[in-house]
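Enquirer: Show me how the following folds:
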Amino acid sequence: MRLTKVIRTMAVTLLDGGMGHQLRSMGVEIAGEVGSLGRFQNVVLANLLRPQLVKDAHRAFIDAGARVITTNNYATTPAVMDAINKSSNVETIVSLSESISAAGKVAAEAAAEAATQSGGKSTVLVAGCIPPLAESYRPDLVDTQISYCARQCLQEKRHMQLSLLLQSTNCLCGFLTR
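Expert: Residues are numbered from 1 along each chain as shown. Take a look at the predicted model:
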């Protein structure tokens, strides 16, 4: 089902809230200065290391009335992944594609479980999150002098990210930029 069809058939369509805030309230540690790469690491790793917790976070939004949930990959950017892989807390290298695929899979599972538990009466759509090219959409937190070549490389990675989200879930209704 397409997001536009859902919006036309419902007076109000509720989307989920901030996954980082929800995961933090459920026990995921978020540390470091606002805008720093360190703040995002555990939210990204939760898709791989704590998928049930991420699914429970999606389900909390669904149970609160959300009919569109967003994949938990806002922070899955090349810079954050590099920081994770350089961290002494990670035992194995984590790839960008592995993390994005896990985010899509967990969201799809949460939506499917909600549909099953409602006896097919409830439709929950999954929207893929389009993360920023750098660490943040806030220009005051990102190096504004990124070279043309670096931007091209980041945009190519964005296309790869979108393809992975499409492959990891069969119920993707669209993409959201936060």
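Enquirer: So, low pLDDT: which residues of this structure?
Expert: For the chain, the stretches with pLDDT under 70 are 1-11, 35, 88-90, 133-178.
Enquirer: Spell out, range by range, the helices that occur in it.
Expert: Assigned helices in the chain, in chain order: 3-9, 19-25, 37-49, 51-63, 78-86, 96-117, 148-168 (criterion: DSSP state H).
Enquirer: buried sites along the third one?
Expert: Of the residues in helix 37-49, those scored as buried under the neighbour-count criterion (16 or more other C-beta atoms under 10 Å) are 37, 39, 40, 41, 42, 43, 44, 45, 46, 47, 48. Every residue, glycine included, has its C-beta placed from N, CA and C.
Enquirer: tell me which of these is nearest to residue 60?
Expert: Residue 60 lies nearest to residue 46 out of these, by C-beta to C-beta, at 13.8 Å.
Enquirer: would you list the buried residues of helix 37-49 in CSV and tack on distance to residue 78?
Expert: Listed next are those as CSV, based on distance: C-beta to C-beta, whole Å:
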residue, distance to residue 78
37, 11
39, 16
40, 12
41, 14
42, 18
43, 16
44, 12
45, 16
46, 19
47, 16
48, 17
